[in-house]
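Trainee: Give me a model of this one.
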Amino acid sequence: MTKKACILIVVDPGAKRHPAVERGMLVAERLDMCVDLFICDYNVQLVGGALLNADKLKRAKTDYLEQQKAFLTELAQPWVERGLRVAVKAAWDRPLYEGIVRQALHSDARFVFKDSHYHSALSRALFTNTDWHLIRSCPSPLWLVHPGRGFNQPKVLAAVDPLSEHDKPAALDVRLLSESFAIADAFGGAVHVAHAFNPYLDPDDPDRIEQRHAEALEKLVTTLQIPSERTHLQAGNPIDLLPRISAEIGADLVVMGAVARSRIENAIIGSTAENVLDRLGCDVLVIKPKGFISPVTFKSVPKGGVLAH
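Mentor: Numbers count the residues shown, from 1 in each chain. Alright, predicted model coming up:
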């Protein structure tokens, strides 16, 4: 039997609701994919409060992770009964984003699904939130699920850059659109395409700038037979325009690229995806260019799928 493409769904064991599980399982069902249901945890109380020797601590960690896997098995049961192939995995690892990336590498995940919640301006400034780290370091397409949204006949908005002015390789747009169509077709939805451009690159001839972008976008959408009413070209900052376009069309998913820059730049400025994430009232799928190498260290996995730290 040929190995199915895999979706990795990250579960927060302390959460009362799990919208990423619902969305990820539905996508796996429609795209005929298997699922790795995953908890990554590091129980500080168990380590610091138990005063255990090495052997007892190892057993305590193993027991703890087995409890988490039992929880995942119960969570997966309704979907298994529907015919999905689901594996449950738990890892003792930290920080959380690194544990998720390591499991994504081990699972060879086509998508990583994770719940997304509101992040304060302070957490964005300090780059402490798991989502921001995943946007930068996760090699698999990262699907951040907005709680409270359905996904029936979704409107999928692909944010493209046909002139590659934001350091995006042209092949990335092809990948964004390919995934957008795969998702929309599986759910009976529709793909929209958005492109925002800087009208001030040539202040002496702004009309020429707009014409160049319009022609490039037209060439892209004509090839894919996307009608004009689902093509959105606007002049301005994409950080402002993408949330506006998304709201206007009632998008259920925004698909965008994230380009790796130098570590120094990554420490100072964020990508478009990072800056618009909290301004979009829908799911976001962030995709890296082909060949992206994660800075997270890869680890071997012992039998049972438990990562040692």
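
Trainee: Could you list the single helix or strand in this protein with the lowest mean pLDDT?
Mentor: helix 263-268 (a mean of 38; mean pLDDT, DSSP states H and E).

Trainee: for residue 256, phi and psi?
Mentor: phi -140, psi 160 (degrees, to the nearest 10).

Trainee: shaky segments in the stretch 101-250 of the chain?
Mentor: Along the stretch 101-250 of the chain, segments meeting pLDDT under 70 span 118-128, 165-169, 201-204, 206.

Trainee: Do a quick rundown of the helices in it.
Mentor: Secondary structure of the stretch 101-250 of the chain (DSSP state H, counting those that start in this stretch): helices located at 121-126, 130-137, 170-186, 206-223, 238-249.

Trainee: Surely residue 84 is within a strand?
Mentor: No: under DSSP: H, G, I helix; E, B strand; the rest coil, residue 84 falls outside any strand and is assigned coil.

Trainee: hang on, isn't it packed against residue 32?
Mentor: No: applying Cβ atoms under 8 Å, one finds residue 84 not in contact with residue 32, separated by 9.6 Å. In this view, the C-beta of every residue, glycine as well, is placed from N, C-alpha and C.

Trainee: of these two, who's got more company?
Mentor: Ranked by neighbour count (other Cβ atoms under 10 Å), residue 84 and residue 32 place residue 84 first, with 18 against 11.

Trainee: residues touching the more buried one, list them.
Mentor: 25, 28, 29, 34, 35, 76 (Cβ atoms under 8 Å, 6 or more residues apart in numbering).

Trainee: who wins for most neighbours among those residues?
Mentor: The most crowded member of the contacts of residue 84, judged by other Cβ under 10 Å, is residue 35 (27 neighbours).

Trainee: Who are the contact partners of it?
Mentor: Counting by Cβ under 8 Å, 6+ apart, residue 35 has contacts 6-9, 24-25, 28, 76, 79, 84-87.

Trainee: Mark which of those residues are part of helices, please.
Mentor: 24, 25, 28, 76, 79 (DSSP state H).

Trainee: now these as CSV including distance to residue 218 and pLDDT?
Mentor: Formatted as CSV, the ones in helices among the contacts of residue 35 follow (distance: Cβ to Cβ, whole Å; pLDDT from 0 to 100):
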residue, distance to residue 218, pLDDT
24, 35, 98
25, 38, 98
28, 35, 98
76, 46, 97
79, 42, 97
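
Trainee: Out of those residues, the closest to residue 13 would be?
Mentor: Nearest to residue 13 among these is residue 76, at 13.7 Å by Cβ to Cβ.

Trainee: quick one: contacts for that closest one?
Mentor: Each residue near residue 76 by Cβ under 8 Å, 6+ apart is listed here: 35, 37, 84, 86, 88.

Trainee: What does the pLDDT read for the third one?
Mentor: The reference is to residue 84. Residue 84 carries a pLDDT value of 97.

Trainee: mind checking how far it is from residue 24?
Mentor: For residue 84, the distance to residue 24 equals 10 Å [Cβ to Cβ, to the nearest Å].

Trainee: ok so, going back, for the contacts of residue 76, give me a markdown table that also has distance to residue 241.
Mentor: Formatted as a markdown table, the contacts of residue 76 follow (distance: Cβ to Cβ, whole Å):
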| residue | distance to residue 241 |
| --- | --- |
| 35 | 35 |
| 37 | 36 |
| 84 | 38 |
| 86 | 39 |
| 88 | 41 |
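
Trainee: ok, which pair from the residues you listed is furthest apart?
Mentor: 84 and 88 (12.3 Å).

Trainee: and stretch 187-196, C-alpha only, in PDB?
Mentor: C-alpha atoms of stretch 187-196 as PDB (Å, rounded to 0.1, in the frame of the first residue of the first chain):
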ATOM      1  CA  PHE A 187     -15.000  21.400  -0.400                       C
ATOM      2  CA  GLY A 188     -16.900  22.800  -3.300                       C
ATOM      3  CA  GLY A 189     -15.500  26.300  -2.700                       C
ATOM      4  CA  ALA A 190     -14.000  29.000  -4.900                       C
ATOM      5  CA  VAL A 191     -10.500  30.500  -5.200                       C
ATOM      6  CA  HIS A 192     -10.000  34.300  -5.200                       C
ATOM      7  CA  VAL A 193      -6.600  35.900  -5.900                       C
ATOM      8  CA  ALA A 194      -5.400  39.100  -4.300                       C
ATOM      9  CA  HIS A 195      -2.300  41.200  -5.100                       C
ATOM     10  CA  ALA A 196      -1.400  44.400  -3.300                       C
END
